[in-house]
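Student: coords below, sequence missing:
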């Protein structure tokens, strides 16, 4: 948690008021789109990587296989950015690698052409603007795009993504992770970009909270008591691979349609298992939960109660619902106090 402090109060040993807590919020809750974040970064690229003088040279176009943002530094190195509004996945690494393979081989004329597309004017010269804006006046066409730097920007991460980044870094690829967080305090909003050096240490801070539907409506011969006795979170059918977003330590609230939250648990480890579902072989992926707590029927947290706890109008139709840190902790505290 981050708290706003009064230096005089701190020096006098006074307590920090709860109202001064700085809340960490999801862009989903704030209705901030991925495009909103992309435009903000493109317009403030020097602030995202303050140690590197950069100039934005391109933003993706609709329906094109292109990076979200490309930029260049004063040496002519190409920076490729892939942005995800919420949590990254290992598939995003593959995207970055594809972009590096494609755009990393571009000659100056090709790079200059996409810069003109970005500027919507074929009279612009990338070389002239780099020399002018980054203060060198020494770059030539031969200096452009000799090196590439890859950045994944996301509002969260998972162990698989970190493993992939570490693997490629160990093999000489300059690939990096930037986590952004949005905070609110007394109606003021803040965004922070963190270039992640300690990839392993990041996981502890990135514990996440989810509401996950039991999928009883679509499961043949479903029995809630039997399901809860298995102490698991399960995803079935075409979206079963989404189980991979969960990592050890994440808190899962199991939601039963018509009842509410019926149990909570913590992802035990990063192993997922497969079993048959509705007669289809291995069509259910599941993970075991520890610190599991079943709620009695009289204590189920209904949608109305969840709305009141989180001060949010929940739409509970998706199988997986991401919660902000504050929402997750408030729900968890409500369950612990039952």
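Tutor: Received the coordinates, thanks. Please read these numbers as outputs of a predicted model, since none were measured by experiment. Residues are numbered from 1 along each chain as shown.

Student: rest of the way, CA atoms for contacts and neighbours
Tutor: Will do.

Student: can you list the low-confidence ranges for the stretch 1-150 of the chain?
Tutor: Scanning the stretch 1-150 of the chain for pLDDT under 70 picks out 1-4, 10, 14-21, 87-90.

Student: helices along that one, start to end?
Tutor: With DSSP state H, counting those that start in this stretch as the definition, the stretch 1-150 of the chain shows helices at residue ranges 7-11, 34-43, 45-48, 90-103, 108-119, 126-133.

Student: dump these to TSV, plus distance to residue 227 and mean neighbour count.
Tutor: As requested, these are arranged in TSV below (distance: least, Cα to Cα, whole Å; neighbours: other Cα atoms under 10 Å):
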stretch	distance to residue 227	mean neighbour count
helix 7-11	50	10
helix 34-43	36	16
helix 45-48	46	18
helix 90-103	30	16
helix 108-119	53	17
helix 126-133	60	17
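
Student: quick one, which of the ones you listed gets closest to residue 67.
Tutor: Closest to residue 67 of these is helix 90-103 (Cα to Cα; 6.5 Å).

Student: what is the orientation angle of that closest one with helix 108-119?
Tutor: 120 degrees (axes from the mean of the first three to the mean of the last three Cα atoms, to 10 degrees).

Student: quick one: list the elements packing against helix 90-103.
Tutor: Contacts defined by 3 or more Cα pairs under 8 Å, 6 or more residues apart in numbering; DSSP states H and E place helix 90-103 against strand 78-87, strand 148-156, helix 159-170.

Student: now render these as a markdown table, adding mean neighbour count and distance to residue 186.
Tutor: Converted to a markdown table, those look like this (neighbours: other Cα atoms under 10 Å; distance: least, Cα to Cα, whole Å):
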| stretch | mean neighbour count | distance to residue 186 |
| --- | --- | --- |
| strand 78-87 | 22 | 24 |
| strand 148-156 | 21 | 22 |
| helix 159-170 | 16 | 34 |
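
Student: okay, and the beta partners of residue 184?
Tutor: Per DSSP bridges, the residues bridged to residue 184 are residue 23, residue 189.

Student: and it, what does it touch?
Tutor: 22, 23, 24, 25, 190 (Cα atoms under 8 Å, 6 or more residues apart in numbering).

Student: okay, the third one and residue 124: tell me how far apart.
Tutor: Spelled out, it's residue 24. Distance of residue 24 to residue 124, given as Cα to Cα, to the nearest Å: 41 Å.

Student: higher neighbour count, those two?
Tutor: For residue 24 versus residue 124, neighbours defined as other Cα atoms under 10 Å are more numerous around residue 24 (20 against 16).

Student: leaving out the residues flanking it, which one is nearest to that one?
Tutor: residue 183 (4.4 Å; Cα to Cα, 6 or more residues apart in numbering).

Student: from residue 207, how far out is that neighbour?
Tutor: For residue 183 relative to residue 207 (Cα to Cα), the value is 17 Å.

Student: next: residue 139.
Tutor: Residue 139 is 45 Å from residue 207, where distance means Cα to Cα.

Student: next: residue 86.
Tutor: In terms of Cα to Cα, residue 86 sits 14 Å off from residue 207.

Student: kindly report the same for residue 263.
Tutor: Separation of residue 263 from residue 207 (Cα to Cα): 18 Å.

Student: settle it for me: which of these two has more neighbours?
Tutor: residue 263 (20 against 17).

Student: tell me the bridge partners for the more buried one.
Tutor: residue 254, residue 294.

Student: that one reaches residue 293, doesn't it?
Tutor: Yes. Counting by Cα atoms under 8 Å, residue 263 touches residue 293, with 5.5 Å between them.

Student: circling back to that earlier point, make TSV from the helices of the stretch 1-150 of the chain and add distance to residue 302 to it.
Tutor: Output for the helices of the stretch 1-150 of the chain, formatted as TSV (distance: least, Cα to Cα, whole Å):
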stretch	distance to residue 302
helix 7-11	40
helix 34-43	31
helix 45-48	41
helix 90-103	34
helix 108-119	49
helix 126-133	56
